[in-house]
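A.B. asks: sequence below, structure please.
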Amino acid sequence: MSTPTVLARTGNGEWSRLWSVRSTWIFAIATAIVVLGFATIMGYDVSDDPTGPGPDATAWDGGRFTAMFALFGVLALSVVTSTADHGTGGIVPTLQWTPRRGVLLAARTTVIAATMTLLGVVLVAAASVVVWSFRPSLGLPLGEGIKSLAELAFVWAAGALLGIGLGLLTRSTAAALVSVIALMFVLPLILAQLPYDWTVTMSARMPGSSALFLIFGEGPRDDMTTISARLTLGLWAIALVVAGGLRLIRTDADR
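C.D. replies: Residues are numbered from 1 along each chain as shown. Coordinates of the predicted model:
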């Protein structure tokens with residue numbers, strides 16, 4: 001059987017596995033509730049503000065604020081879905097069904113990352129519509145929306161790859177969740193607050209600082225740029241996927 005055929009079959013299997021796990025639905029619904037809940041709060045606050053948020057503001061700005069909560073959900077979902085069958089022992093029959101581990105790695109990474117990216121896009125787009133419904137004068141310009149969602153899609157895709165890589169590397173949901181939260185939220189914040197230049201520099205090189213810069217335009221260092229943030233986040237994601245992929249390919253599944 002040709003590699004493209006096996007890859008397509010494995011991708012279909014990964015898609016079915018992704019949505020057959022109860023935790024996927026729980027995390028997806030919880031993320032949607034949080035994102036849309038904060039959008040509702042922002043929309044209500046904006047509707048009561050007589051001065052308005054500013055002449056150049058649009059509803060997409062409100063939706064962009066919720067991207068942080070969507071990112072948290074994307075990270076958690078990526079970790080949970082990439083470690084689920086390691087925790088249950090289902091990885092053994094999975095590898096018996098797809099003995100080509102490189103194919104399994106490609107299919108799993110692609111399906112999870114694409115699904116999580118789409119989920120983030122849909123949630124933030126919906127959040128922007130919620131904000132707009134409270135104050136239609138803000139507007140929802142299509143061009144700005146496409147640009148904003150495309151920029152955020154990179155963050156979610158890289159975040160999903162980072163979560164997948166850590167999941168495959170640790171093979172433990174708890175360990176991967178702790179690691180991804182530390183890299184994306186805890187360590188960048190702590191290092192940025194310390195009164196040393198080298199800790200601030202380290203914070204700027206963490207994936208979490210780059211993600212925050214791409215979402216909000218602010219980072220621990222003033223010399224951060226969109227290009228540098230994308231490179232940093234992308235390199236972290238690729239490195240962790242490679243590390244996790246090597247463990248999947250080269251070591252026994254039950255170790």
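
A.B. asks: rest of the way, CA atoms for contacts and neighbours
C.D. replies: Noted.

A.B. asks: what about the longest helix in the chain?
C.D. replies: helix 101-134 (DSSP state H).

A.B. asks: how distant is it from the center of its chain?
C.D. replies: 8 Å (CA atoms, centre = their mean, to the nearest Å).

A.B. asks: go on, stretch 224-238?
C.D. replies: Worked out by CA atoms, centre = their mean, stretch 224-238 lies 14 Å from the chain centre.

A.B. asks: with just CA atoms, put whatever helix or strand Arg9 lives in into CSV.
C.D. replies: Per DSSP states H and E: Arg9 is located in helix 3-20. Extracted C-alpha coordinates of helix 3-20, given in CSV (Å, rounded to 0.1, in the frame of the first residue of the first chain):
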residue,chain,number,x,y,z
THR,A,3,2.5,5.9,1.6
PRO,A,4,-0.1,8.6,0.6
THR,A,5,-2.9,6.0,1.0
VAL,A,6,-1.6,4.8,4.4
LEU,A,7,-1.3,8.5,5.5
ALA,A,8,-4.8,9.3,4.4
ARG,A,9,-6.1,6.2,6.2
THR,A,10,-4.2,7.0,9.3
GLY,A,11,-5.3,10.6,9.2
ASN,A,12,-8.9,9.5,9.1
GLY,A,13,-8.3,7.2,12.0
GLU,A,14,-6.7,10.0,14.0
TRP,A,15,-9.7,12.2,13.3
SER,A,16,-12.0,9.6,14.6
ARG,A,17,-9.8,9.0,17.6
LEU,A,18,-9.7,12.7,18.3
TRP,A,19,-13.5,13.1,18.6
SER,A,20,-14.1,9.7,20.2
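
A.B. asks: the closest residue to Val80 other than its chain neighbours and Phe27, how far apart?
C.D. replies: Closest residue to Val80 apart from its sequence neighbours, by CA to CA, 6 or more residues apart in numbering: Thr173 at 5.9 Å. Distance, Thr173 to Phe27, using CA to CA, to the nearest Å: 13 Å.

A.B. asks: between those two, who's got more neighbours?
C.D. replies: Between Thr173 and Phe27, counted using other CA atoms under 10 Å, the more crowded position is Thr173 (21 against 16).

A.B. asks: so what's that one up against?
C.D. replies: Val79, Val80, Thr83, Ala84, Gly87, Gly167 (CA atoms under 8 Å, 6 or more residues apart in numbering).

A.B. asks: if any of those are buried, give me the ChimeraX selection for them.
C.D. replies: What follows is the ChimeraX syntax for the buried subset of the contacts of Thr173, where burial is set by 16 or more other CA atoms under 10 Å:
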select :79,80,83,84,167
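
A.B. asks: now, the most widely separated pair of the contacts of Thr173?
C.D. replies: Spatially, the most separated pair among those is Val79 and Gly87, at 11.8 Å (CA to CA).

A.B. asks: before we move on, back to that, quick one: least confident of the contacts of Thr173?
C.D. replies: Among the contacts of Thr173, Gly87 carries the weakest pLDDT, at 73.

A.B. asks: settle this for me: it is touching Ala174, isn't it.
C.D. replies: No - shown here, Gly87 and Ala174 do not form a contact pair, counting by CA atoms under 8 Å, at 10.2 Å.

A.B. asks: give me the pLDDT for Asp254.
C.D. replies: 63.

A.B. asks: and for Val121?
C.D. replies: Reported pLDDT for Val121: 95.

A.B. asks: also Gly52?
C.D. replies: Gly52 is given a pLDDT of 59.

A.B. asks: next, the buried residues of stretch 166-177.
C.D. replies: Leu166, Gly167, Leu168, Leu169, Thr170, Arg171, Ser172, Thr173, Ala176, Leu177.

A.B. asks: no wait, stretch 103-119
C.D. replies: Judged by neighbour count (16+ other CA under 10 Å), stretch 103-119 contains these buried residues: 103-105, 107-117, 119.

A.B. asks: so where's the stretch 151-255 of the chain uncertain?
C.D. replies: Applying pLDDT under 70 to the stretch 151-255 of the chain flags residues 253-255.
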